[in-house]
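S.K.: Show me the folded form of this:
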Amino acid sequence: MRSLLLILTTLVCLAGSGHAQELEIRCGDGFTPTACELAKGSLTVAIQQLSPGLPGWRWVIVPAEKWEAVATSFGISPTTPAFSSLGIQSTYIHCGFVLFDTRLDEHLQSYSSRTGIDRLRWVVAHELGHIVCGTKDEHEAESAAKKIQARNRNACPVRPPRDLMAARR
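M.R.: Down below sits the predicted model:
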């Protein structure tokens, strides 16, 4: 586990070189310190590879045993593996995406056949589609996700990108 954590830390440093972006990534209650650092490292790599540049946005990794309670508290189906709350500028991600839990693979395969970091990058891009386009529409978010992954600055298909600072007011 320690060697994996060392490799991941190195990847985070390499992915982050040249990026001034500071990420706010939190682990929900229930993670060991090592599992939290591993999860945060995986998510950091995926986010930095997409270079979203969303200052003030919070990413929260939720343990499997708490996912249902967190999702339902936001009115989200517990079968949804990730969601973003535009009003409080936060994205919640099921830990199965960042810790690559093979027990969850069958359920997650219904969302994407991708695996590992590729699937995590896909989830992050999809959530970024919701965020930058200010939409709850899944098709718009997915369309934007494809453009974000291709580094297309015009990711929003229908309306201009959301001004996240104005949304805070």
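S.K.: Would you mind stating the distance between the residue lying closest to residue 22 once chain neighbours are set aside and residue 89?
M.R.: Across the structure, with Cβ to Cβ, 6 or more residues apart in numbering as the measure, the residue nearest residue 22 apart from its sequence neighbours is residue 55 (7.5 Å). The C-beta positions use only the backbone N, C-alpha and C, and glycine is treated the same way. With distances taken as Cβ to Cβ, to the nearest Å, residue 55 is found 10 Å from residue 89.
S.K.: Name the helix or strand of this protein that has the lowest mean pLDDT.
M.R.: Between all helices and strands in the chain, the lowest mean by mean pLDDT, DSSP states H and E belongs to helix 2-16, at a mean of 38.
S.K.: What residues of stretch 90-104 count as buried?
M.R.: Going by neighbour count (16 or more other Cβ atoms under 10 Å), the buried part of stretch 90-104 is 90-100, 104.
S.K.: For that stretch, the averaged confidence score.
M.R.: On average, the pLDDT along stretch 90-104 is 81.
S.K.: Let me see the residues that make contact with it.
M.R.: The list of residues contacting stretch 90-104 from outside it, by Cβ atoms under 8 Å, 6 or more residues apart in numbering, reads 28, 31, 35, 38-40, 42-43, 57-64, 67, 70-71, 74, 81-85, 107-108, 115-116, 119-120, 123, 127, 131.
S.K.: Now, the residues you listed that are in strands?
M.R.: With strands defined by DSSP state E, the entries of those inside them are 58-62, 82-85.
S.K.: Let me know the closest of those to residue 51.
M.R.: Using Cβ to Cβ, the shortest approach to residue 51 within the ones in strands among the contacts of stretch 90-104 belongs to residue 59, at 14.7 Å.
S.K.: is it true that the closest one touches residue 28?
M.R.: No - taking contacts as Cβ atoms under 8 Å, residue 59 lies outside contact range of residue 28: 11.2 Å.
S.K.: Show me which of the ones in strands among the contacts of stretch 90-104 are buried.
M.R.: Buried subset of the ones in strands among the contacts of stretch 90-104 (neighbour count, 16+ other Cβ under 10 Å): 59-62, 82-84.
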